[in-house]
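Enquirer: Quick one: sequence and predicted model below, then my questions.
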Amino acid sequence: MKRLLFPGLLALMLVPAAARAEVLLPAIIDVLVDGGNNYAWQKVALPGTVCGNGSQYKFWIRKTSSPNLLFLFEGGGACWDYDTCSGRAGVLGAANPNGISDDYITQFTAKYVSPIVNGADPGLPLRDKRELVTKDWNIVYMPYCTGDVHVGNNTATYVDQTGANPPLVWRHNGYANTIAAANYAKTQFPSVQKLLVTGYSAGGAATSSSYYFVRRIINPARGYLLNDSGPIFLAANVNDLSRGLHTQIRQSWNMNSVFAQLPGTFDQNNFGSINRMVAQEFPNDQLAYTGYTQDYNYSRFSYERFKTPNDEASVHNYWKQDQDRLVAELNLYNNFSYFIPHHRPINASHCSTVITFIGAHACQRMEKKRWYEYIDSPWQSWKCNSEFVPMDVFLKRWIADNQRVRIYEPQNGYNNEDPGMSAVAGLINMALGG
């Protein structure tokens, strides 16, 4: 299948440099994802739910006539010290350190967050709109402002090591927020047929960490877990690659108080056993992981502060080792799927389901072309010699058809050699950075 993208978008690159970014960048995304959603969201603010800075936590729901419910955890970093919780660390810190505004749901992140939320992947002009299995589902949208992947249970005081600012009191209140929202959702959606719990990045980690609690509260006829790019890797031993990260968050977020409530199939000494636990506790549910092998965002959180060397090549190497172990673990359980493309030049190959599904495709046998195969798309030196599966097809098979799908794409440069992909990636990355 060819994936050459609409070349007219190259014209957008010719916009004069003087054009104001706050006008240009949303316009770019508006073209790429067909305007995002304009749902009639209902804001919910419950007693006892707060953001990290102590302000009121807010989440939003969308009600439809569907019997199905999407429960989405927003992503956006993590924090465990002054720099990362205050916002001073930038992209390697926590999202929304100043809380959630009343109009948050109409702003950039929530409006364009994911085709899964918007119910369709329009892609580009002149490309057919692809409706998704989540079209017209009820939604619980969980913004992220606690820096603890929605599951922390601790109030911490972080000292500014520069001495420039007073200590920061930070409320890692994610667990209480999540439980309150799930209980509220149960009152609004008392008889759910299909429940899809998903999230990206920190929200992906929240999906795996919170699935047991959310699923038991809402109690659907059928449950689905999709962790996008927030893997909880195996780390039973002190020398395991993700052990440093797990030790840090165990202490900072008081994770023992949360994980002590999980069943005995979870090993508190090994956070990665969460995958085994959900597989065994819910054997009839459909569970899945998706993410890129060349992720250079969540992978930095996992190793950059805890391992040496920590250059980009080393970080990718650590990630690949942990990911291989994760895939071997998931292969043990019949109800686990995975969809792991190699690379996408959008958002540092981080997250498969954000903004657009352009470039979110996987092929089990992506291989270098033979010399005679260059006649077809001569700019491309890679060819899929098995089935070329886009993300929307994966979702249909996995949710609508209840199929187990397992694709772990080998190393390749397919997306980097697609000229349309290169143009679109630059535009989207500008918008995300803006």
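Expert: The structure has been received and is ready for your questions.

Enquirer: From here on, just use CA atoms for contacts and neighbour counts.
Expert: Fine.

Enquirer: what's the spacing between stretch 110-123 and its chain's center?
Expert: Stretch 110-123 has its C-alpha centroid displaced from the chain centroid by 13 Å (Cα atoms, centre = their mean, to the nearest Å).

Enquirer: Ok, stretch 357-376 next?
Expert: On Cα atoms, centre = their mean, the centre of stretch 357-376 falls 26 Å from that of its chain.

Enquirer: repeat for stretch 392-403
Expert: Computed by Cα atoms, centre = their mean, the separation of stretch 392-403 from the middle of its chain amounts to 18 Å.

Enquirer: What segments of this protein are helices?
Expert: Assigned by DSSP state H, the helices in the chain fall at 21-32, 82-86, 108-112, 115-118, 174-188, 202-218, 243-252, 255-259, 274-281, 298-303, 312-330, 391-395, 419-433.

Enquirer: For Lys383, find the nearest of those.
Expert: helix 419-433 (15.4 Å; Cα to Cα).

Enquirer: Sort out which residues of that closest one are buried, please.
Expert: 419-428, 430-432 (16 or more other Cα atoms under 10 Å).

Enquirer: which strands and helices sit next to it?
Expert: helix 21-32 (3 or more Cα pairs under 8 Å, 6 or more residues apart in numbering; DSSP states H and E).

Enquirer: Averaged pLDDT, the helix it packs on. What do you get?
Expert: Average pLDDT, helix 21-32: 57.

Enquirer: Stretch 249-259 too?
Expert: pLDDT averaged over stretch 249-259 gives 97.

Enquirer: Buried ones in it, by neighbour count?
Expert: 249-250, 252-255, 258-259.

Enquirer: now stretch 351-371
Expert: Buried residues in stretch 351-371, counting neighbours by 16+ other Cα under 10 Å, are found at 351-368.

Enquirer: and if you look at stretch 131-147?
Expert: 131-134, 136-147.

Enquirer: I'd guessed Phe306 sits against His246; true?
Expert: No - when contacts are counted by Cα atoms under 8 Å, Phe306 is not listed as touching His246 (10.3 Å).

Enquirer: between these two, which one's more packed in?
Expert: Remark: of Phe306 and His246, His246 carries more neighbours, 21 against 16, as counted by other Cα atoms under 10 Å.

Enquirer: related to what we said a few turns ago, closest to Val44 out of the buried residues of helix 419-433?
Expert: The closest of the buried residues of helix 419-433, once distances to Val44 are taken by Cα to Cα, is Leu432, at 26.9 Å.

Enquirer: What sits closest to that closest one if chain neighbours are left out?
Expert: Once flanking residues are discounted, Leu432 sits nearest to Asn347: 7.6 Å by Cα to Cα, 6 or more residues apart in numbering.

Enquirer: what's the answer for Pro115, then?
Expert: Closest residue to Pro115 apart from its sequence neighbours, by Cα to Cα, 6+ apart: Asp121 at 5.2 Å.

Enquirer: is it true that the one you found touches Val133?
Expert: No - using Cα under 8 Å, Asp121 makes no contact with Val133, being 10.9 Å away.

Enquirer: So, low pLDDT: which residues of the stretch 201-350 of the chain?
Expert: Across the stretch 201-350 of the chain, nothing is flagged by pLDDT under 70.

Enquirer: picking up where we left off before, restricted to strands, list the buried residues of stretch 131-147.
Expert: Within the buried residues of stretch 131-147, residues falling in strands by DSSP state E are 131, 138-142.

Enquirer: which of those lies closest to Asn385?
Expert: The closest of these, once distances to Asn385 are taken by Cα to Cα, is Glu131, at 26.7 Å.

Enquirer: and the gap between that closest one and Phe73?
Expert: 21 Å (Cα to Cα, to the nearest Å).

Enquirer: mind checking pLDDT for the nearest residue to Gln248 once chain neighbours are set aside?
Expert: Leaving aside its chain neighbours, Gln248 sits nearest to Trp80 (7.7 Å; criterion: Cα to Cα, 6+ apart). pLDDT for Trp80: 96.

Enquirer: check contacts around Trp80.
Expert: Listed by Cα atoms under 8 Å, 6 or more residues apart in numbering, the contact set of Trp80 reads 147, 158, 248-249, 252-253.

Enquirer: tell me the residue furthest from the middle of the chain?
Expert: Ranking residues of the chain by C-alpha distance from their mean position (Cα atoms, centre = their mean) puts Tyr372 at the top, at 39.3 Å.

Enquirer: thought Ala235 was touching Arg243?
Expert: Yes - Ala235 lies in contact with Arg243 (Cα under 8 Å); the separation is 5.2 Å.

Enquirer: tell me the pLDDT at Leu12?
Expert: pLDDT, Leu12: 34.

Enquirer: Roughly how far does the residue nearest the centre of the chain sit from Thr293?
Expert: Central residue of the chain (Cα atoms, centre = their mean): Tyr200, 1.1 Å from the mean position. Remark: distance between Tyr200 and Thr293 (Cα to Cα) = 15 Å.

Enquirer: Please apply the same query to Phe394.
Expert: Going from Phe394 to Thr293 by Cα to Cα gives 18 Å.

Enquirer: Please apply the same query to Ala328.
Expert: Per Cα to Cα, Ala328 is found 15 Å from Thr293.

Enquirer: Just want to know which of the two has more residues nearby.
Expert: Using other Cα under 10 Å, the more surrounded residue of Ala328 and Thr293 is Thr293, with 25 against 11.

Enquirer: doesn't Phe339 make contact with that one?
Expert: No - if you go by Cα under 8 Å, Thr293 and Phe339 don't touch, sitting 10.6 Å apart.
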